[in-house]
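Colleague: Show me the folded form of this:
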Amino acid sequence: MLLWLLDWLGSTWPDAALAALGKITFRASLAAMVGFLLAVLLGPRWIAWLKRRFREPIKSDSAEVRRLHRNKQFTPTMGGLFIVAGLVGGILLFGDLENRYLQLALLVAVGLAAVGAVDDLVKLRGTTNGISAKAKLAAQLVIALVVAGLLYRHHAALPDGLVLHLPLIEPGISLGLWFIPLAVLVIVGSSNAVNLTDGLDGLAGGCLIFAVGAMTVTAYASGHAELAEYLNLPRIPGSGEMTILAAGMIGGLLGFLWFNCHPAQVFMGDTGALPLGGLLGLLAVATRQEFLLLIVGGVFVVEAASVILQVGYFKLRRRRIFLCAPLHHHFQFKGWAESKIVVRFWIASALCAVLGMAALKLNVNDDTPRPTTPQRLAASQSPQSESPSPNHDR
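Modeller: Alright, predicted model coming up:
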């Protein structure tokens, strides 16, 4: 909406200041601020509304988990509704709605939020712990498959659009149609990994902020001609617009943590965890940085792996590796305070994000001569450049 307004004003009242307002960095800042303010200012009313309708009972197969979380009984849940609403509002207000990546982001956000909402409602109104795992996974796969198919058609026209890049390995691996199953795996896997991590007050939200922050840098750099060239990243025109999405996620998560920090006044629920995890996966797939996601999302990877290992080892040996899975429950069983676990996982997530940013430099050869100023100017004005110089991030 902001871009449409600026284009309309620019056609009748040309002004350089209007062009500056249309920069991605400025619009991303607005999206983050709006997401944060909506959550903080409207949060108390939303929580009161949720408290009257959606109060989560503590359901777990583990009696010890139920004992540890007994004080959280009937805390309002489905708080992910106002995170998703904030980031969708940020995209509609400040994003380029003709951008394919933002269109797919809206599909992921709304689709997976709907799946999560159904699961939360069944959990609240029935005796079961949500819809069946098979039904939930099937719905996630359908949404991810549609998104992957549309993304494949868009990326097939790009030189590096279907190439899997690995650190220190050049050239990358051309995927062809294998792009689609990989994209589905990343989106669904990331969605479920974040959902598994959402078990303590503020845990998933805080870790997401660091992971999304790192992927924001990658999305912006991939859409920027000179930064993509310098960092030796796949050049994905238009991917910089996903900075708006990521900023809205970060702003909304910061506002949500205002109320979700221990002791939580509201839970995220599957309504928030599933779409936020799916969007994190989409950021990685769209920028061709699936391997980087394994690093910056290291906490989510470890949490999901702990469940897979626990279930697999128990089926094989009838013994457990951890006291309880996901991993954060293992530390609870060892007697760690909840706030200590959460903060230490946040620290681990921050370190993973820093490590991921350092990994971006692995493919950079600083001994390679850089283009001269006239060459950079010519490149920035070429049709392949995202925007005319000097406003590279429009």
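
Colleague: so Gly90 touches Ile244, yeah?
Modeller: Yes. Under the criterion of C-beta atoms under 8 Å, Gly90 makes contact with Ile244 at 6.6 Å. C-beta coordinates here come from the backbone N, C-alpha and C atoms, glycine included.

Colleague: what touches both of the two?
Modeller: Residues touching both Gly90 and Ile244 (C-beta atoms under 8 Å, 6 or more residues apart in numbering): Ala31.

Colleague: Those two: which is more packed in?
Modeller: Comparing Gly90 with Ile244 by neighbour count (other C-beta atoms under 10 Å), the higher total belongs to Ile244, at 30 against 26.

Colleague: mind listing what the residue lying closest to the more buried one once chain neighbours are set aside touches?
Modeller: Distance criterion C-beta to C-beta, 6 or more residues apart in numbering; nearest residue to Ile244, sequence neighbours excluded, is Gly95 at 4.4 Å. For Gly95, the contact set (C-beta under 8 Å, 6+ apart) comprises 3, 27, 31, 102, 241, 244-245.

Colleague: Kindly recompute the last result at 7 Å.
Modeller: Residues near Gly95 by C-beta atoms under 7 Å, 6 or more residues apart in numbering: 102, 241, 244.

Colleague: and Leu293, how many neighbours?
Modeller: Leu293, neighbours per other C-beta under 10 Å, totals 26.

Colleague: Look up how far Glu98 lies from the closest residue to it other than its chain neighbours.
Modeller: Once flanking residues are discounted, Leu293 sits nearest to Ala284: 3.8 Å by C-beta to C-beta, 6+ apart. The spacing between Ala284 and Glu98, counted by C-beta to C-beta, to the nearest Å, is 23 Å.

Colleague: Which of the two has more residues huddled nearby?
Modeller: Neighbour comparison, Ala284 and Glu98: the larger count goes to Ala284, with 24 against 11 (by other C-beta under 10 Å).

Colleague: Which parts of the stretch 51-200 of the chain are strands?
Modeller: With strands called from DSSP state E, counting those that start in this stretch, the stretch 51-200 of the chain shows them at 55-56, 75-76, 163-166, 169-174.

Colleague: Can you tell me which of the ones you listed is most buried?
Modeller: Per residue and on average, the most neighbours among the strands of the stretch 51-200 of the chain fall to strand 75-76, with a mean of 22 (mean count of other C-beta atoms under 10 Å).

Colleague: Report the contact partners of the residue most central in space within the chain.
Modeller: The residue lying closest to the centre of the chain (C-alpha atoms, centre = their mean) is Leu280, at 2.4 Å. By C-beta under 7 Å, 6+ apart, the contact set of Leu280 is 190, 194, 208, 211-212, 215, 297.

Colleague: Now rank those residues by neighbours and give me the top one.
Modeller: Gly297 (32 neighbours).

Colleague: gap between Gly116 and Ser306?
Modeller: Distance, Gly116 to Ser306, by C-beta to C-beta: 22 Å.

Colleague: wait, Asp119
Modeller: From Asp119 over to Ser306 (counting by C-beta to C-beta), the distance is 22 Å.

Colleague: quick check: longest helix of the chain.
Modeller: In the chain, with assignment by DSSP state H, the single longest helix is helix 24-53.

Colleague: which strands and helices sit next to that one?
Modeller: strand 75-76, helix 80-94, helix 242-260 (3 or more C-beta pairs under 7 Å, 6 or more residues apart in numbering; DSSP states H and E).

Colleague: Thanks a lot, catch you later.
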